[in-house]
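Q: Give the three-dimensional model of this entry:
(one chain, ligands or ions: 1)
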Amino acid sequence: MLDQTQTALDGISVSIRDLQLSFGAVNVLQDLNLDIAKGEFLVLLGASGCGKSTLLNCIAGLLEPTGGQIFIEGQNVTWAEPSERGIGMVFQSYALYPQMTVKGNLSFGLKNARVPKDEIERRVTRAAELLHLQPLLDRKPAALSGGQRQRVAIGRALVRDVDVFLFDEPLSNLDAKLRAELRVELKRLHQSLANTMIYVTHDQIEAMTLADRIAIMRGGVIQQLAQPLEIYNRPANLYVAGFIGAPPMNFIRGRIEGSEFVGPVRMPLTGYGWSEGPWTSGDTVFGIRPEHVKIGDDARHCACQTEVTIEVVEPMGADTLLWTRIGGDEFRIRLDGQTTIHEGQTLPIGFDIDCASLFDAQSEQRI
Ligand SMILES: Nc1ncnc2c1ncn2[C@@H]1O[C@H](COP(=O)(O)OP(=O)(O)OP(=O)(O)O)[C@@H](O)[C@H]1O
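A: Take a look at the predicted model:
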């Protein structure tokens, strides 16, 4: 049995098997299974309360699961102490020692662990280089910006020379500009290290930009586990489709009749990239992202066209959002930023059906 488990874990850094966690009568994680490859950047993404921090804390050893097993680098660590798991963790709040310099903060844990002095020096220098902290090593946290403090917190995990890094919303205390800068630094860091990274966030831009794969969670259950563009292009269900993308995917409710979608608009379903049918008749949701809606001449070449009146125009620089309605439901169109379309204007639109999604209205699953 042990041999089979070991073989199954080849190439796997973290393996979560049938994990359950309940707080009293509340089941937060339900039979959760997840394998994370060595060196992978995996993002746990979901709305507040979906259980992503709980899962991360179980991997870290900060919470005891109610059932299931956790393997890290082939070892069953389900009941191991956090310090025995070969993990480094970075939290949302950086909690640096205010009386110590940056260098002191970076080396403190290693000194406590009685790591030899020259080894401490080597690891601190390397972390400082990777995180551009060299000019700041003699400063105290009060003399650092929020972004610099968080880099020190990341550095503290880095010097521990662990296999797996766990990040719990490490950028959410920073302003938007710093967040974007540090996001790129984290990506560079992952490119230059071979470590596995598991990263919790509710920010879909962080998830899309950083992840090799994203696990989208809801109610303690992974809804979809896939590469970012696969999730964006082929969401597994209505929840994922509405969660990923800002503004979200447009939904039009209708029915499939024969090989046609019939609702506030009618469209043929065969002849496109997604499937050739046969189609099961029934209540269906047609989903199309705002950037896959065409206007003007482009609309006239689409197999499905309709006419809308623009209610709100939001110029955002690089692109412009148009807000309208189809079948009473809000509908958004994304155009390039130079458009001259104005509020109150009525215009023909068409759908790039090859890029669309169809969902069963009852099961909410992708068809
Ligand atoms: N100690 C606890 N006792 C009872 N319920 C808890 C406890 N900790 C978390 N929960 C509940 O478990 C669920 C999952 O919490 P968790 O913190 O994992 O969510 P999250 O997805 O990380 O959310 P957030 O982004 O807000 O941190 C929530 O409904 C939360 O209220």
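Q: the longest helix in this protein is where?
A: Among the segments of the chain that qualify as a helix by DSSP state H, the longest is helix 176-192.
Q: Relative to the whole chain's centre, how far out is that one?
A: On the basis of Cα atoms, centre = their mean, to the nearest Å, helix 176-192 sits 15 Å off its chain's mean C-alpha point.
Q: Tell me the buried residues in it?
A: L178, R179, L182, R183, E185, L186, L189, H190 (16 or more other Cβ atoms under 10 Å). All C-beta spots, glycine's among them, are computed from the backbone N, C-alpha and C.
Q: can you list the domains in the protein?
A: Annotated domains of the chain cover 2-239, 247-360 [automatic domain parsing].
Q: As CSV, these with distance to the ligand and mean pLDDT would be great.
A: Listed next are the domains of the chain as CSV, based on distance: least, Cβ to the nearest ligand atom, whole Å; pLDDT from 0 to 100:
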stretch, distance to the ligand, mean pLDDT
domain 2-239, 3, 91
domain 247-360, 19, 90
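Q: Quick check: which of those is buried the most?
A: For these, average neighbour numbers computed from mean count of other Cβ atoms under 10 Å are highest in domain 2-239, which has a mean of 18.
Q: re earlier: output the domains of the chain as TSV; include the columns distance to R366.
A: Supplementary listing: these in TSV, determined by distance: least, Cβ to Cβ, whole Å:
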stretch	distance to R366
domain 2-239	6
domain 247-360	6
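Q: Would you mind telling me which of those is nearest I367?
A: Each of the domains of the chain has some distance to I367 by Cβ to Cβ; the shortest is domain 247-360, at 4.3 Å.
Q: Now the longest helix of the chain - C-alpha only, PDB.
A: Taking Å, rounded to 0.1, in the frame of the first residue of the first chain, the C-alpha atoms of helix 176-192 are listed here in PDB:
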ATOM      1  CA  ALA A 176      -3.200  48.900  -6.200                       C
ATOM      2  CA  LYS A 177       0.100  50.100  -7.700                       C
ATOM      3  CA  LEU A 178       2.200  48.300  -5.200                       C
ATOM      4  CA  ARG A 179       0.100  45.200  -5.600                       C
ATOM      5  CA  ALA A 180       0.800  45.200  -9.300                       C
ATOM      6  CA  GLU A 181       4.500  45.700  -8.800                       C
ATOM      7  CA  LEU A 182       4.900  43.000  -6.300                       C
ATOM      8  CA  ARG A 183       2.800  40.600  -8.400                       C
ATOM      9  CA  VAL A 184       5.400  40.800 -11.100                       C
ATOM     10  CA  GLU A 185       8.200  40.300  -8.600                       C
ATOM     11  CA  LEU A 186       6.500  37.200  -7.300                       C
ATOM     12  CA  LYS A 187       6.200  35.900 -10.800                       C
ATOM     13  CA  ARG A 188       9.900  36.500 -11.400                       C
ATOM     14  CA  LEU A 189      10.700  34.900  -8.000                       C
ATOM     15  CA  HIS A 190       8.800  31.800  -9.000                       C
ATOM     16  CA  GLN A 191      10.600  31.700 -12.400                       C
ATOM     17  CA  SER A 192      14.000  31.800 -10.700                       C
END
